[in-house]
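Visitor: A structural model of the following input is requested.
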Amino acid sequence: MKYLAIDYGQKRTGIAVSDSGGSMAFPRRTIQMRTREAFFEELLALLEAEAPDALVIGLPVNLDGEETLTTRQTRNFAKNLKKKTPLPIFWMEEALSSFEAEIDLRQAGRSAAKSRAVLDQQAAVRILQSFLDQPEGSRKAL
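Guide: Just a heads-up that it's a prediction; the model follows:
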C-alpha cells in the first residue's frame, strides 16, 4: 500500500509519501497556507496526483501525551479532510518530529537557512516512517 503523510501546520504543511510497498518514506513537498480554500485545493490535487491508498496525519501531543491547541487544530483539519476524500485516514502520534527533522537535516550537512524550506517535509517523513514501522494491528484509524 502507498501512504501519504501530512505534517499539518497553520503556516506550512509537510507532505511525505511511501513507496508502493509501504516500507520507506520520502519527502514530497511543503504546502504554504494562504487560504483554507487554496490549501485544500492544492492538497486534493496532490492526493489525485500521488494516488495513495491511505493517509497518515501526524497528531501533535505533548511528551506526556497530553493534547494541546495544536492537537485540536490538527483534529479539526482531519475532520475537514475526511469530508473531502474517501481515503482511509490514520493517526500517528508525534512529539518532537520537527525537532528530530532539524537534527536529520543538520546531520545531512544542510544549513539552518536551507533546511527551513524542507523541514516540514522531513517531519512528515519522520511521521510516516514511524507509522510504517508499526505493526498493522496497532495503527490508529480516524
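
Visitor: this protein: helices as residue ranges?
Guide: Assigned by DSSP state H, the helices in the chain fall at 36-50, 69-84, 97-107, 112-116, 119-133.

Visitor: quick one: closest of these to V56.
Guide: Minimum separation from V56 across these (Cβ to Cβ) falls at helix 119-133, 4.7 Å. (Glycine included, C-beta is placed from N, CA and C.)

Visitor: check contacts around G65.
Guide: Contacts for G65 (Cβ atoms under 8 Å, 6 or more residues apart in numbering) come out as E93.

Visitor: likewise the one 5 residues further on?
Guide: With Cβ under 8 Å, 6+ apart as the criterion, the residues that contact T70 are P60.

Visitor: distance of it from P86?
Guide: Computed as Cβ to Cβ, to the nearest Å, the T70 to P86 distance reads 27 Å.

Visitor: over to K79?
Guide: 15 Å.

Visitor: which one of these two has more residues nearby?
Guide: K79 (11 against 5; other Cβ atoms under 10 Å).

Visitor: now do R139, the pLDDT please.
Guide: The score at R139 is 87. That number is its pLDDT.
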